[in-house]
Every structure is written in C-alpha cells, then in structure tokens.
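# this one's structure only:
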Ligand code: NAD
C-alpha cells in the first residue's frame with residue numbers, strides 16, 4: 001500500500017499512543033455473520049502489519065468466541081506491537097454482572113483466552129444495563145485492585161447513552177477512569193459525542209469512538225438483522241449509501257474519514273472481518289482526502305434524523 005503511515009494519537013493521560021483507526025474484534029465472534037476463523041486471524045495480522053496498534057474485544061462478542069479467536073491471532077505477535085482492550089460485566093444479550101467477584105474472575109478468564117499476561121485497557125461493558133452506583137462503588141474499585149496487581153494497565157467504561165459518562169466521571173476521583181468508549185455517536189448520522197468532547201478533555205479522559213459505520217448502517221451491504229435503529233434511521237442511512245454510490249463513491253470511506261479527522265478522538269474502532277476490509281479501511285484513512293462536496297450532500301440526506309438514536313439499558317440510566 002502506497003502512502004504515509006497510519007497516524008497515532010495520545011489516549012488521554014495514559015501515555016499510550018494509539019492508531020487513529022482501531023481494530024474492532026466483535027466480527028471475530030460472528031456478530032455480523034459467519035466468519036471463517038482463518039479470515040479473522042489474517043485480518044488481525046494485516047491490521048498490525050499496516051500500523052493498527054489498538055484492538056478491542058469483549059467476552060460478550062460471540063459468547064467468548066471473539067476473544068478466543070483473537071487470542072489465536074495474537075499468540076505469536078510481540079506484546080509491544082498492540083494495545084489490547086477487553087471488557088467485564090456483560091456476558092450475554094441480557095446477562096450482566098458487575099460485581100467485584102465476577103469482574104475479577106472475568107479478567108483472569110480473558111487473560112487465558114487472549115493468550116496475554118496483561119490487558120492494557122479493561123472496560124466496564126455497557127454500564128447503562130447495570131447500576132451506575134455499583135459501577136462507582138464496587139466495580140471500579142475491584143478493577144483498581146487488578147491494576148495494582150499488574151493484570152490490567154488502564155480502566156474504562158462503555159455504553160450508548162452519553163449521560164452515563166458524566167454521571168460516573170462527576171462522582172469518581174480523577175484518574176479512576178482513564179478512558180471512555182462511546183459507540184454510534186460520532187458518525188455521519190449521529191455526532192452527539194462531539195458536544196461531550198470538551199468535558200472529557202477537561203476530565204483528562206481518553207476518548208475511544210466505536211462504530212463509525214453505525215454498526216453497518218453506513219455500508220453498501222446494510223446493517224445486520226439485529227440492528228436496533230428505527231426504520232426511519234435505517235432508511236436515511238440507506239439513502240446516504242445510494243447518494244454516494246450515484247457519484248461512484250463509497251459512503252463507508254467517507255464515514256471513516258469523517259470520524260478519524262477529529263483530533264479530540266484518539267482512536268476510532270471499526271469492526272473488520274477480513275484482510276481485504278482492513279486494507280480498504282486503512283487506505284481510506286491514510287491516503288484519502290475527505291470529499292467535502294460529497295459530505296455536504298450526504299449531510300443533507302441525513303440531517304432530518306441527525307443524532308437520532310435508540311433506547312439502551314435501564315430507563316433510569
Ligand atoms: P462498525 O460501525 O465498525 O460496523 C461494522 C460493520 O461494518 C461490520 O459488518 C463490518 O464487516 C462492516 N465493514 C467494516 N468496514 C467495511 C468496509 N470497508 N466495507 C464494507 N463493510 C465494512 O460497528 P462495530 O463493529 O459494532 O464497532 C466497531 C467495534 O467497536 C466493535 O467491533 C467493538 O470492538 C467496539 N464496540 C464496542 C461497544 C461497547 O463497548 N459497548 C459497542 C459497539 C462497538
């Protein structure tokens with residue numbers, strides 16, 4: 001692949017430098033359809049070869065399958081070549097356990113599946129489904145102990161509703177939460193994370209943006225069956241795909257260039273299931289310039305539903 005290297009950005013105050021495009025490993029758990037194990041392993045190797053150094057997974061993806069497949073891929077890769085993030089607390093569609101006992105055991109299970117001696121970033125997964133007060137009072141202190149024991153290096157929280165971040169960060173001591181992982185809120189059809197970035201910057205928390213393709217909405221093949229968006233959101237995104245196509249362009253490329261252009265977002269995680277997709281996405285970010293004309297046209301198609309989302313978690317969160 002011709003051109004310059006994939007840039008890196010500092011991740012909050014962690015001292016980590018992460019590639020602006022990160023490898024989302026949920027497809028390795030067959031979350032977006034069946035995948036050949038070899039394709040997933042090769043996709044990880046291709047990503048690292050092309051300068052992607054940030055990889056995110058969770059025991060939830062494919063009921064541990066994604067972690068197991070990722071572990072196979074990482075077995076012979078030098079540990080300093082990647083920054084690895086996995087999660088605790090979510091173990092099934094409706095299975096959550098953020099207790100100190102469960103998350104402590106969970107980290108040991110993840111270490112074994114991933115074939116590593118430490119996890120760089122451990123994140124509480126989709127905390128809006130649990131009690132935010134339990135996260136503050138029990139889960140984060142348990143993870144802090146694992147930090148002290150050297151099993152994890154940094155701690156994060158993830159989830160869909162943006163207000164969960166303020167709730168937690170306003171109630172914990174500085175340095176308790178090193179990073180947040182927000183998803184589906186910084187893409188062509190939903191930019192609401194943008195308003196929270198100054199607050200996160202002030203708190204010294206690193207920002208990971210996930211799902212720049214809105215979990216498949218901004219792809220030519222469209223979203224998976226389980227996608228939670230309304231038919232209106234799905235329809236608007238489909239229109240955006242068609243507008244790009246009518247100019248001989250791919251909306252996926254535009255979406256990746258848009259998301260990675262914001263300097264206050266350290267890294268953008270995209271789900272990638274094959275070496276060819278990894279190559280296309282790195283190429284889009286490294287060598288492509290944002291097509292402002294196409295962006296304007298796509299924006300006008302999406303503007304009636306800009307920032308429209310869907311419910312997630314307990315109503316009180
Ligand atoms: P995404 O927006 O990255 O979309 C992924 C889908 O787009 C997959 O079907 C993938 O095959 C497809 N795709 C990627 N590049 C493509 C290309 N060039 N052409 C056509 N299709 C392409 O959504 P995602 O995978 O849900 O998010 C990325 C990662 O972020 C996840 O794998 C996960 O690691 C993380 N994430 C975390 C949370 C959380 O912690 N709560 C939530 C969502 C995502």
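Noted; the coordinates are in hand. Just so we're clear, the structure is a prediction, and the values are computed from it rather than from any experiment.

# Bridged to the residue nearest the centre of the chain, which residues?
In the chain, the centroid-proximal residue (Cα atoms, centre = their mean) is residue 210; its distance is 3.1 Å. According to DSSP bridges, the partner residues bridging residue 210 are residue 183, residue 269.

# Next one: it from the ligand, what distance?
Distance, residue 210 to the ligand, using Cβ to the nearest ligand atom, to the nearest Å: 3 Å. (Glycine included, C-beta is placed from N, CA and C.)

# contacting residues for that residue?
Remark: with contacts taken as Cβ atoms under 8 Å, 6 or more residues apart in numbering, residue 210 is in contact with 24, 56, 158, 181, 182, 183, 184, 268, 269.

# And for the closest residue to residue 171 other than its chain neighbours, the neighbour number?
Closest residue in space to residue 171, ignoring its immediate chain neighbours: residue 136 at 5.3 Å, by Cβ to Cβ, 6 or more residues apart in numbering. When neighbours are counted by other Cβ atoms under 10 Å, residue 136 registers 20.

# Tell me who's in contact with residue 136.
Contacts of residue 136 (Cβ under 8 Å, 6+ apart): 168, 171, 172.

# Got a ChimeraX select line for the buried ones in these?
Here is the ChimeraX selection string for the buried members of the contacts of residue 136, based on 16 or more other Cβ atoms under 10 Å:
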select :168,172
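
# Inside strands: which ones of the contacts of residue 136?
Using DSSP state E to define strands, no part of the contacts of residue 136 is located there.

# Put together a markdown table for the contacts of residue 136, with pLDDT and distance to residue 102 on each row.
A markdown table is the format used below for the contacts of residue 136 (pLDDT from 0 to 100; distance: Cβ to Cβ, whole Å):
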| residue | pLDDT | distance to residue 102 |
| --- | --- | --- |
| 168 | 98 | 19 |
| 171 | 98 | 22 |
| 172 | 98 | 20 |
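
# which one of the contacts of residue 136 is nearest residue 194?
For the contacts of residue 136, the minimum distance to residue 194 (Cβ to Cβ) is 19.8 Å, reached by residue 168.

# just the contacts of residue 210 that are near the ligand?
Among these, the residues that sit close to the ligand (Cβ under 6 Å from any ligand atom) are 24, 56, 158, 181, 183, 269.

# hang on, the first one packs against residue 271?
Think residue 24. Yes - under the criterion of Cβ atoms under 8 Å, residue 24 lies in contact with residue 271, with a separation of 4.1 Å.

# Which single residue in the stretch 1-150 of the chain comes nearest to the ligand?
Taking Cβ to the nearest ligand atom as the measure, the point where the stretch 1-150 of the chain comes nearest the ligand is residue 24, at 2.3 Å.

# Which two among the ones next to the ligand among the contacts of residue 210 are spaced furthest apart?
Spatially, the most separated pair among these is 24 and 158, at 12.0 Å (Cβ to Cβ).

# From the ones next to the ligand among the contacts of residue 210, pick the one nearest residue 301.
Distances from residue 301 to those, taken as Cβ to Cβ, are shortest for residue 183 (22.1 Å).

# residues contacting residue 214?
Under the criterion of Cβ under 8 Å, 6+ apart, the contact partners of residue 214 comprise 184, 187, 188, 189, 190, 223, 229, 237, 255.

# Where does it sit, in terms of helix or strand?
In this structure, residue 214 sits in neither a helix nor a strand according to DSSP states H and E.

# ok, for it, nearest residue in space, not its chain neighbours?
In space, and not counting its chain neighbours, residue 214 is closest to residue 187: 4.9 Å by Cβ to Cβ, 6+ apart.

# how close does that neighbour sit to residue 103?
When Cβ to Cβ, to the nearest Å is the yardstick, residue 187 and residue 103 sit 29 Å from each other.

# again, but for residue 132
Taking Cβ to Cβ as the criterion, residue 132 is separated from residue 103 by 15 Å.

# now residue 19
When Cβ to Cβ is applied, the distance between residue 19 and residue 103 equals 28 Å.

# The two - which one has more neighbours?
Set residue 19 next to residue 103 and count neighbours by other Cβ under 10 Å: residue 19 wins out with 27 against 23.

# my guess is that one contacts residue 5, does it?
No - between residue 19 and residue 5 there is no contact under Cβ under 8 Å: 9.1 Å.

# what residues do these two have in common as contacts?
When Cβ under 8 Å, 6+ apart defines a contact, the residues bordering residue 19 and residue 5 alike are residue 51.

# Good, we can wrap up now.
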